[in-house]
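**Q** model this:
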Amino acid sequence: MKYLYSTSCSKSRLREIRAFTEGVLRKHDMDELEISTIVLAVDEVCANLIIHGHECDDSDELQLEIDIHSDKVIFDIIDRSEMFNINKYKAPQLEDIIKMQRKGGLGLILVKKIMDEIKIFPKGEFYVCQLTKKIA
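**A** From the prediction side, this is the model:
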């Protein structure tokens, strides 16, 4: 079953993205902890795209497509701007982040740990960040 959500690239829309994602997952009787971690990962990717890819320009738009299968959930985050390839991201050591007292930098680490597969690819005039999570 597929669900589609379109929104402007405003940080204020992140709450709605989280609510939409959570609502879809709840319809499919998923575990609470699994729902929370998946919502966190989707939110992080959308936040990075809205903040860094669009500089919070609410005249820009992105789409979130959620495709529920019996054994996995696929999230396609679809956008016109070229996306940062999270697969090429080399995570710093947690100790280094703590020593440098960095704010941020943990989101992409979490996304890579939560999701089972991450793909970035062009699709016509758009780019897609596809996150896949296996489910029981």
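**Q** Tell me which residue is most central in this structure.
**A** To find the centre residue of the chain, average its C-alpha atoms and take the closest one (C-alpha atoms, centre = their mean): that gives residue 42, at 2.6 Å.
**Q** Strands along this structure, start to end?
**A** In order along the chain, the chain carries the following strands (DSSP state E): 2-8, 61-68, 72-79, 117-123, 126-134.
**Q** what's the most buried one of those strands?
**A** For those, the largest average neighbour count (mean count of other C-beta atoms under 10 Å) is found in strand 72-79, namely a mean of 20. Using the backbone N, CA and C atoms, a C-beta is placed for each residue, glycine as well.
**Q** picking that back up, could you dump the strands of the chain into CSV with mean pLDDT and distance to residue 35 added?
**A** Shown next, in CSV, are the strands of the chain (pLDDT from 0 to 100; distance: least, C-beta to C-beta, whole Å):
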stretch, mean pLDDT, distance to residue 35
strand 2-8, 95, 14
strand 61-68, 96, 12
strand 72-79, 95, 10
strand 117-123, 91, 19
strand 126-134, 94, 10
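**Q** closest one to residue 19 among the ones you listed?
**A** Closest approach to residue 19 among the strands of the chain is made by strand 2-8 (9.6 Å; C-beta to C-beta).
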